[in-house]
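Student: could you look at this predicted model? Sequence included:
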Amino acid sequence: MANILITGSSGFIGSFLVEEALKRELSVYAGVRKSSSLAYLKDPGIHFAELDLTDKTRLKEFFLEQKQNGIRFDYVIHNAGLTKAQKKEDFYRVNYTYTRNFAEALIESDCIPLKFVYISSLAAYGPGDEASMKPVMLDDVPKPVDEYGKSKLEAEKYLKTLPGFPLLIIRPSGVYGPREKDYFVYFQTISRGMEPYIGYKPQILTFIYVRDLVRLILDATVSDIKGKAYFITDGKHYDSREFAAITKKHLGKKTFKITLPLGLVGGIALVMEKIFSLGGKMPTLNTDKFKIMKSTNWTCQVDALQKDFDFRAAYDLDKGVKEVLEWYQKEGWL
């Protein structure tokens, strides 16, 4: 039985990765922190690995101890990362520096796996051109617009410099599903009868349902393919009004539409950021988030997924939103 180590296992995507790996009868080591909630990691077959990504020495000690006990990780999925931060520099500390610590600890302890899968993001490349609406291509020059995307790109660039390192990079678009909390805020807003829009030009969005994503990630992990990168979507694109219509249909709600001018939202974001900075915090609506919200082309090339893995999403947005809303309602979130 092959051993797989999954960092960020207690989070939204991580907990689903653990479930998928267990289904495939892999020996799963869930990388967690001392403070991690284990609410979605209840399977008795899970081995827990308490990892301190802040300290390369401790990470090396962990890998050496495992090796002494006869345990080597055949596969590593580095899923841990920061998507929201109180300070912008936190993105680089967690997404870049901690990734570097982790990779160097594997190398220096002579514990390099057969495959190291790095979970990055479409944000690392940024949105596509808004004039032509051409999708982001794998050979495009990356142009991330927010600090999160820039920090993920820095980690990608570093990992690519490691000679002989068995790297595979996964860049999902918008990931939604049960347990997710960011899109939940949008669903909750629709549920309350409000349908907000930023600017007068619809965003063209791409999504991937979490169950499809983790299936693809595990397929890629155990494959012979390495040294490549992929954008991940369900193969379709949707405009922001279609997203709202699908959500309203499955919630059975009518809404009041509100369209806020870009300039107004940008000004509010700037003011909120300055106010919150006095307490050393970052508001949900900030200048970095605004750059994502005002970008209108989030389409990307996914041909390579179909060619290399014969990937076909089981969930389009309609099917996925229906399932996730049912989960939120069952769990009392909505």
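Tutor: That came in fine, so what should we check first? Residues are numbered from 1 along each chain as shown.
Student: where do the strands sit along the stretch 201-334 of the chain?
Tutor: Here the stretch 201-334 of the chain has its strands, by DSSP state E, counting those that start in this stretch, at 204-205, 207-209, 228-232, 238-239, 256-260.
Student: out of those strands, which gets nearest to residue 271?
Tutor: strand 256-260 (14.2 Å; Cβ to Cβ). Every C-beta, even on glycine, is put in place using the N, C-alpha and C of the backbone.
Student: contact partners for the closest residue to residue 136 other than its chain neighbours?
Tutor: Distances taken as Cβ to Cβ, 6 or more residues apart in numbering place residue 300 nearest to residue 136, at 4.2 Å, with adjacent residues excluded. Listed by Cβ atoms under 8 Å, 6 or more residues apart in numbering, the contact set of residue 300 reads 122, 125, 128, 135, 136, 137, 171, 173, 206, 231, 233.
Student: neighbour count added to those, as TSV?
Tutor: TSV is the format used below for these (neighbours: other Cβ atoms under 10 Å):
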residue	neighbour count
122	25
125	25
128	23
135	21
136	22
137	13
171	24
173	22
206	24
231	27
233	26
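Student: return the member of those nearest to residue 39.
Tutor: residue 173 (26.3 Å).
Student: how close does that closest one get to residue 232?
Tutor: 7 Å (Cβ to Cβ, to the nearest Å).
Student: now do the shared contacts for those two.
Tutor: residue 208.
Student: which stretches in the protein count as helices?
Tutor: 12-23, 56-68, 88-91, 98-108, 147-160, 182-191, 210-221, 240-251, 262-277, 287-294, 303-309, 317-330 (DSSP state H).
Student: nearest to residue 141, out of those helices?
Tutor: Across the helices of the chain, closest to residue 141 is helix 147-160 (Cβ to Cβ), at 10.8 Å.
Student: who does that closest one touch, helix- and strand-wise?
Tutor: helix 88-91, helix 98-108, strand 115-119, strand 167-172 (3 or more Cβ pairs under 8 Å, 6 or more residues apart in numbering; DSSP states H and E).
Student: nearest to residue 38, out of the helices of the chain?
Tutor: helix 12-23 (9.3 Å).
Student: tell me which of the helices and strands packed on helix 147-160 is the most buried.
Tutor: Mean neighbour counts were taken over these using mean count of other Cβ atoms under 10 Å, and the top value, a mean of 23, falls to strand 115-119.
Student: which pLDDT value goes with the residue in the chain sticking out farthest from the centre?
Tutor: Here the chain reaches farthest from its C-alpha mean at residue 68, the gap being 33.1 Å by Cα atoms, centre = their mean. With respect to pLDDT, residue 68 scores 94.
Student: residue 109 versus that one, what's the distance?
Tutor: For residue 68, the distance to residue 109 - Cβ to Cβ - is 11 Å.
Student: residue 286 is in contact with residue 269, isn't it?
Tutor: Yes. With contacts counted by Cβ atoms under 8 Å, residue 286 reaches residue 269, the gap being 5.5 Å.
Student: just send the strands of the stretch 201-334 of the chain back as CSV, with mean pLDDT and distance to residue 25 too.
Tutor: Shown next, in CSV, are the strands of the stretch 201-334 of the chain (pLDDT from 0 to 100; distance: least, Cβ to Cβ, whole Å):
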stretch, mean pLDDT, distance to residue 25
strand 204-205, 96, 36
strand 207-209, 98, 23
strand 228-232, 98, 24
strand 238-239, 96, 36
strand 256-260, 93, 49
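Student: just to revisit the earlier point, between the contacts of residue 300, which is nearest residue 240?
Tutor: residue 206 (11.9 Å).
Student: and that closest one, how far from residue 287?
Tutor: In terms of Cβ to Cβ, residue 206 sits 24 Å off from residue 287.
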